[in-house]
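Q: I would like the atomic coordinates for the input below:
(chains A and B)
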Number of protein chains: 2
Amino acid sequence: MPRQLYELCGTDPARVFSPYCWRTRLALVHKGLAFETVPWRFTQTEAIAFAKSEKVPVLVDGERSVADSWAIAEYLEDTYPDAPSLFGGPGGRSMCRMIGNWAESVVQAGLVTMIVADIPAHLDPVDRDYFIASREKRFGKPLAEVTAGRETRVVEFRRALYPLRTTLKDFPFLGGDAPNYADHSVFGAFQWARCVSDFPLLEPSDAVHAWRERMLDAYGGAARATTASDAA
Amino acid sequence: MPRQLYELCGTDPARVFSPYCWRTRLALVHKGLAFETVPWRFTQTEAIAFAKSEKVPVLVDGERSVADSWAIAEYLEDTYPDAPSLFGGPGGRSMCRMIGNWAESVVQAGLVTMIVADIPAHLDPVDRDYFIASREKRFGKPLAEVTAGRETRVVEFRRALYPLRTTLKDFPFLGGDAPNYADHSVFGAFQWARCVSDFPLLEPSDAVHAWRERMLDAYGGAARATTASDAA
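A: Numbers count the residues shown, from 1 in each chain, chains lettered A, B, ... in the order given. Got it, this is the predicted structure:
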């Protein structure tokens, strides 16, 4: 059986839009490991029950199934040590974890308040109802109110990218000369946004914008194919 | 001539209290490189003019002088490649830079608003006047007003440490099993605070608190000797 990756998709199965699924997809590409995607939607909990998980990504690799993007990254690094390192060598594993945690708590947490109301348009009715209900419960208000004022708030979001921006003045990627899992983790957030929203998150003059373009070009343009505006 | 490190000190020359000087001091200790400290105060600009710098740390290593903590870290890694790596190997250099930039913009920037008013008590009169005037100009208000409300604001500061705290649940150090320059960079901020202020920044139950204790014990307790309350 070919290697399989269960990924969160919209109505269009090519529209992968979970930041964590993008981390894993790029990790597989980085390792040069072929896989086939299994489109998964929010309400298909039974389809991944075999992996004892309620969330994607889930990787099925031969006899093994692994859930959780970080667990998958460690699994891939340890199982395929001769393929290009995800962590820049053994000393980089914990730093990749730190940067991934920063991506989650700063980049993703900031992004969601600017794009969440754009997501339902990409979902099937059954998923749309689930998504809106669960997210409105989480935020305690209608999604349109969550994203209200984003044109102003985006300035603060951009400011919070300072550590990334400053690093990218010295290095083309967080991994140095080439991307590694730290790049995958931060880029996953931007790619998630890009798949569901046209809202301009970055100014074209921003070093982060230039890095995002490099990430879109990396790995033969693996991430560039999916955008919000090419909806089927 | 022995290797020399110009470090920012208070009236007590043992009270090194620049976050960047602590980064460099621990980098030298990590590399196992002996050095003698040259106490430097804010107003002694002429003493480091030879290095074309107005700030410390400045390292003098034989014929070379290097200013700026990041430039020194790169210099040490490249000049002493057989000593323990500061960056966890070549792939970790840019990730160390990213985490150092996070330390600067989140940890140091958060800390300064809670401890800056505690600093003048550790300075000689001439430095004290310079320090108060320059910092009050930077903040646009008296230092006592900068730190006002810190008992409340510290909660927000602790929350911003989420990426660090979460990483430390998986790894004892940012460098993995042992500290590296990412740890030096973040710890430098806490050690700077610890040298000048007794204000309790971390709760004892916090994983960041436990890590700070491990860092104080690291390298034979190199950082533990200096505290705010043992003032001469």
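Q: Chain B contacts on chain A?
A: Taking CB under 8 Å from any CB of the partner chain, the part of chain A that reaches chain B is made up of A:85, A:87-99, A:101-102, A:104-106, A:162-164, A:166-167, A:170-171, A:173-176, A:180, A:182. (Each C-beta comes from the backbone N, C-alpha and C, glycine too.)
Q: Restricted to helices, list the residues you listed.
A: Of the residues of chain A next to chain B, the ones assigned to helices by DSSP state H are A:93-99, A:101-102, A:162-164, A:166-167, A:170, A:182.
Q: shaky segments in chain A?
A: Across chain A, the ranges flagged by pLDDT under 70 are A:227-232.
Q: show me the contacts for residue A:130.
A: A:42-43 (CB atoms under 8 Å, 6 or more residues apart in numbering or on different chains).
Q: Against residue A:39, how distant is it?
A: Between residue A:130 and residue A:39 the distance is 16 Å, computed by CB to CB, to the nearest Å.
Q: what about residue A:5, is that helix, strand or coil?
A: Classification of residue A:5 by DSSP: H, G, I helix; E, B strand; the rest coil places it in strand.
Q: Tell me how chain A divides into domains.
A: A:4-79, A:90-221 (automatic domain parsing).
Q: closest one to residue B:126 among those?
A: domain A:90-221 (33.2 Å; CB to CB).
Q: Report the distance from the closest one to the chain centre.
A: 8 Å (CA atoms, centre = their mean, to the nearest Å).
Q: so how far does it reach from one end to the other?
A: 27 Å (CA to CA, to the nearest Å).
Q: Stretch A:60-79 now?
A: By CA to CA, the extent of stretch A:60-79 from end to end equals 13 Å.
Q: residues making contact with it?
A: By CB under 8 Å, 6+ apart, the residues outside stretch A:60-79 that reach it are A:1, A:3-6, A:20-21, A:23-24, A:27-28, A:31, A:33, A:48, A:50-53, A:55-59, A:83, A:85-87, A:93, A:96-97, A:100, A:181.
Q: at 6 Å what do you get?
A: Stretch A:60-79 has contacts (CB atoms under 6 Å, 6 or more residues apart in numbering or on different chains) with A:3-4, A:20, A:23-24, A:27, A:31, A:51, A:53, A:57-59, A:86, A:181.
Q: Specify the stretch among the domains of chain A that is closest to residue B:10.
A: Closest of those to residue B:10 is domain A:90-221, at 28.9 Å (criterion: CB to CB).
Q: Reformat the contacts of stretch A:60-79 into TSV and put secondary structure and neighbour count next to each item.
A: Below are those laid out as TSV (DSSP: H, G, I helix; E, B strand; the rest coil; neighbours: other CB atoms under 10 Å in any protein chain shown):
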residue	secondary structure	neighbour count
A:3	coil	14
A:4	strand	15
A:20	helix	23
A:23	helix	27
A:24	helix	30
A:27	helix	25
A:31	helix	18
A:51	helix	19
A:53	coil	17
A:57	coil	28
A:58	strand	24
A:59	strand	25
A:86	coil	27
A:181	helix	33
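Q: Was I right to think residue A:26 contacts residue A:184?
A: Yes. Using CB atoms under 6 Å, residue A:26 is in contact with residue A:184, at 4.1 Å.
Q: More neighbours: which of these two?
A: Comparing residue A:26 with residue A:184 by other CB atoms under 10 Å in any protein chain shown, the one with more neighbours is residue A:184, at 32 against 25.
Q: Give me the neighbour count for the residue nearest to residue A:105 when sequence neighbours are not counted.
A: Spatially, and ignoring its direct neighbours in sequence, residue A:105 is nearest to residue B:162 (4.6 Å; CB to CB, 6 or more residues apart in numbering or on different chains). Residues lying near residue B:162 (other CB under 10 Å) number 17.
Q: those strands in chain A, which residues are they?
A: For chain A, the strands defined by DSSP state E cover A:4-8, A:36-40, A:58-61, A:64-67.
Q: Redo the ones you listed as JSON lines? Include distance to residue B:215.
A: As requested, these are exported to JSON lines (distance: least, CB to CB, whole Å):
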{"stretch": "strand A:4-8", "distance to residue B:215": "39"}
{"stretch": "strand A:36-40", "distance to residue B:215": "42"}
{"stretch": "strand A:58-61", "distance to residue B:215": "35"}
{"stretch": "strand A:64-67", "distance to residue B:215": "33"}
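Q: Quick one, which of those strands gets closest to residue A:122.
A: Nearest to residue A:122, of all the strands of chain A, is strand A:4-8, at 10.9 Å by CB to CB.
Q: Name the strands paired with that closest one and say parallel or antiparallel.
A: Strand pairing for strand A:4-8, using DSSP bridges, gives strand A:36-40 (parallel), strand A:58-61 (antiparallel).
Q: Of those strands, flag the one that's most buried.
A: strand A:58-61 (a mean of 22; mean count of other CB atoms under 10 Å in any protein chain shown).
Q: Next one: residue A:149 from residue A:117, what distance?
A: For residue A:149, the distance to residue A:117 - CB to CB - is 12 Å.
Q: cool, residue A:108 as well?
A: Residue A:108 sits 16 Å away from residue A:117, going by CB to CB.
Q: same thing with residue A:5?
A: Residue A:5 is 28 Å from residue A:117, by CB to CB.
Q: hmm, who's touching stretch A:32-40?
A: Contacts to stretch A:32-40, defined as CB under 6 Å, 6+ apart, come from residues A:2-9, A:13, A:28, A:56, A:83.
Q: swap that for stretch A:140-151, sorry
A: By CB under 6 Å, 6+ apart, stretch A:140-151 touches A:113-114, A:116-117, A:136, A:139.
Q: ditto for stretch A:205-221
A: Residues outside stretch A:205-221 that contact it (CB under 6 Å, 6+ apart): A:29, A:161, A:164-165, A:168-169, A:179, A:187, A:190, A:202, A:223-224.
Q: With neighbour count added, can I get those residues in JSON lines?
A: JSON lines is the format used below for those (neighbours: other CB atoms under 10 Å in any protein chain shown):
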{"residue": "A:29", "neighbour count": "17"}
{"residue": "A:161", "neighbour count": "20"}
{"residue": "A:164", "neighbour count": "23"}
{"residue": "A:165", "neighbour count": "19"}
{"residue": "A:168", "neighbour count": "24"}
{"residue": "A:169", "neighbour count": "9"}
{"residue": "A:179", "neighbour count": "22"}
{"residue": "A:187", "neighbour count": "27"}
{"residue": "A:190", "neighbour count": "24"}
{"residue": "A:202", "neighbour count": "20"}
{"residue": "A:223", "neighbour count": "25"}
{"residue": "A:224", "neighbour count": "15"}
